[in-house]
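structure for the following, please:
(chains A and B)
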Amino acid sequence: DGGITQSPKYLFRKEGQNVTLSCEQNLNHDAMYWYRQDPGQGLRLIYYSQIVNDFQKGDIAEGYSVSREKKESFPLTVTSAQKNPTAFYLCASSRDHSYNEQFFGPGTRLTVL
Amino acid sequence: SQQGEEDPQALSIQEGENATMNCSYKTSINNLQWYRQNSGRGLVHLILIRSNEREKHSGRLRVTLDTSKKSSSLLITASRAADTASYFCATANTGGFKTIFGAGTRLFVKA
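Alright, predicted model coming up:
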């Protein structure tokens, strides 16, 4: 099956801890994205990557970091600098940066205790 | 600031009725897309309409785009209980790289 996966589905973190969310795709897509979704709201872009070894900040990058060492993988680290990290995190990919249909993973719900 | 804003925020209809959702945006776009999200899940792409298109169909979905009014509508005909979900419009600016999502319309279809 081709698709995009995220793990874990639920994640709990204590304040002051860093945590890494996994995102993997086997669609051979060049572009990948991380979004944050708060209850009853739309998606806000955290980081995006157009190609391997390259990524750019989105609208709300503070307190987050990413890497893109492999085409298939785009992990997101939520650092202790993120003041309000409890949210639903969605990873997406698209064929390339000019082809806008995005394919989404199932999401990770992060709760800070 | 968000580019797309959906209206209404929530919509409740009976099975078999049509559902219409609207989206307004502020700046020039390359294309506009509609996505669906079931509760607690990822988004699923429904349809993309380019700025030079006025109407597009896909099964029970009909999307219109009026660039002069900077608005789009999504019509779901003969709705089913399984259509219950949130629907988001998303706009891509020129160059098409950054896609901006609205806050969504929550649709509830009663059986």
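
what bridges to whichever residue of chain A sits closest to chain B?
Closest residue of chain A to chain B, C-beta to the nearest C-beta: A:Phe104 (3.5 Å). In short, each C-beta sits where N, CA and C put it, glycine included. For A:Phe104, the beta-bridge partners under DSSP bridges are A:Ala92.

just to check, it is in contact with B:Val44?
Yes: the pair A:Phe104 and B:Val44 passes the contact test of C-beta atoms under 8 Å, sitting 7.1 Å apart.

just for the chain, where's the confidence low?
No chain specified, so I'll use chain A. A:1-2, A:99 (pLDDT under 70).

that answer is for a different chain, and I need it for chain B
B:1-3, B:94-97.

one step back: give the contact list for the residue of chain A closest to chain B.
For A:Phe104, the contact set (C-beta atoms under 8 Å, 6 or more residues apart in numbering or on different chains) comprises A:4, A:90-92, B:42-44.

number of nearby residues for the residue in chain B positioned nearest to chain A?
Residue nearest to chain A within chain B: B:Gly42 (3.5 Å; C-beta to the nearest C-beta). If you count neighbours by other C-beta atoms under 10 Å in any protein chain shown, B:Gly42 ends up with 21.

tell me how far it lies from A:Gln37.
According to C-beta to C-beta, to the nearest Å, B:Gly42 and A:Gln37 sit 10 Å apart.

which residues do those two both contact?
By the contact definition C-beta under 8 Å, 6+ apart, B:Gly42 and A:Gln37 are jointly contacted by A:90, A:107.

so which residues of chain B form strands?
B:5-7, B:10-14, B:19-24, B:31-37, B:43-50, B:55-58, B:61-66, B:71-76, B:85-92, B:99-101, B:105-110 (DSSP state E).

now do chain A
A:4-7, A:10-13, A:19-25, A:31-37, A:43-51, A:54-57, A:64-66, A:76-78, A:87-94, A:103-104, A:108-112.

next, the angle strand A:108-112 makes with the third one.
It refers to strand A:19-25. Strand A:19-25 and strand A:108-112 are oriented at 180 degrees to each other (axes from the mean of the first three to the mean of the last three C-alpha atoms, to 10 degrees).

what's in contact with strand A:19-25?
In contact with strand A:19-25 (C-beta under 8 Å, 6+ apart) are residues A:3-8, A:11, A:13, A:32, A:34, A:72-78, A:89, A:91, A:93, A:103, A:105, A:108, A:110.

and B:Asn93, what does it touch?
The neighbours of B:Asn93, taking C-beta under 8 Å, 6+ apart as the test, are B:3, B:27-30, B:100.

please redo it, this time with the cut-off set to 10 Å
Applying C-beta atoms under 10 Å, 6 or more residues apart in numbering or on different chains to B:Asn93 gives the contacts B:3, B:25, B:27-31, B:99-100.

mind checking how far the residue lying farthest from the centre of chain B is from A:Asp38?
Each residue of chain B has a distance to the centre, and by C-alpha atoms, centre = their mean the biggest one is for B:Ala111: 22.3 Å. Distance of B:Ala111 to A:Asp38, computed by C-beta to C-beta: 30 Å.
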